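In: no sequence for this one, just the structure:
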């Protein structure tokens with residue numbers, strides 16, 4: 001396989017780029033690597049000093065098994081302090097790494113035959129001309145990949161919300177106040193999803209396993225639409241039973257109003273949150 005030279009000249013002027021310059025040659029020299037690139041905020045130019053490093057490798061399908069448990073200590077020169085592994089099929093793994101300097105790296109390993117994700121990328125090296133051509137096709141960084149709102153699913157989620165809301169009585173009766181905080185956290189995530197739907201006319205999918213990356217556009221959209229009122233409702237204190245009840249009442253009032261609004265497109269969320277003031 002051709003030993004093409006890595007192109008590290010276009011990395012952004014951030015401390016993370018120093019790390020990339022150090023580990024990229026190790027990854028590039030690993031057996032079977034066809035392509036190496038960066039995605040995420042480092043590729044779009046929106047990164048800051050605390051941004052994670054999203055590294056991607058493409059390898060042939062027959063080499064994927066070896067990347068389930070690669071020698072990460074060698075590849076990252078002994079810097080790995082914590083490692084978690086996610087598998088999304090036989091041709092897509094992600095190694096979540098915390099390094100000794102506090103850097104967070106997500107090392108994505110994809111089968112070379114797998115379709116590319118439609119996201120901006122900064123190609124560091126590619127040994128396959130056909131794959132390189134696909135990688136260099138322009139991608140709109142502003143493109144919205146949100147999901148359309150499914151009325152049936154939205155109704156199901158709303159009903160789940162109110163099922164849980166009624167379970168609060170049981171929890172309080174049994175003096176399990178701390179358990180109510182867990183339920184309140186889940187309901188806030190559902191409420192945030194409803195507010196996003198109402199604000200944008202799109203869906204953001206289940207937020208219970210969301211990351212900072214998936215939550216960022218949701219939170220920005222809701223904050224811009226609602227202003228400081230939304231912070232007051234979602235951030236109500238829950239230090240005592242009285243405060244927990246007030247937090248639940250405010251959240252229920254918000255969800256009730258958003259739910260009644262139904263399919264009205266892009267209703268001003270500030271009208272919804274403002275009317276929930278105590």
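Out: Received, thanks. All values derive from a computational prediction rather than experimental measurement.
In: okay, residue 3: pLDDT?
Out: According to the prediction, residue 3 has pLDDT 54.
In: give me the helix or strand of the chain that scores worst on average pLDDT.
Out: The weakest-scoring helix or strand in the chain, judged by mean pLDDT, DSSP states H and E, is helix 269-274 (a mean of 45).
In: quick one, strands of this protein?
Out: 35-39, 53-59, 80-87, 92-99, 104-111, 122-126, 147-148, 202-203 (DSSP state E).
In: from residue 37, how far out is residue 124?
Out: Between residue 124 and residue 37 the distance is 6 Å, computed by Cβ to Cβ, to the nearest Å. (Each C-beta comes from the backbone N, C-alpha and C, glycine too.)
In: number of nearby residues for residue 196?
Out: Neighbour count for residue 196, taken as other Cβ atoms under 10 Å: 24.
In: am I right that it is in contact with residue 222?
Out: Yes: Residue 196 is within contact range of residue 222, at 5.8 Å (criterion: Cβ atoms under 8 Å).
In: could you list the low-pLDDT ranges of the stretch 1-150 of the chain?
Out: 1-3, 140-146 (pLDDT under 70).
In: do that again at 80, thanks
Out: 1-4, 118, 139-147 (pLDDT under 80).
In: where along it do the helices fall?
Out: Secondary structure of the stretch 1-150 of the chain by DSSP state H, counting those that start in this stretch: the helices cover 15-28, 41-44, 72-75, 129-135.
In: quick one, what contacts the residue minimising distance to the centre of the chain?
Out: What sits nearest the mean C-alpha location of the chain, by Cα atoms, centre = their mean, is residue 214, with 2.9 Å. Neighbour list for residue 214: 204, 207 [criterion: Cβ atoms under 8 Å, 6 or more residues apart in numbering].
In: and for the one 5 residues further on?
Out: Listed by Cβ under 8 Å, 6+ apart, the contact set of residue 219 reads residue 192.
In: now with 10 Å?
Out: Residues counted as contacts of residue 219 (Cβ atoms under 10 Å, 6 or more residues apart in numbering) are 192, 195, 196, 210, 212, 230, 234.
In: that older thread, higher neighbour count, residue 124 and residue 37?
Out: residue 124 (23 against 19).
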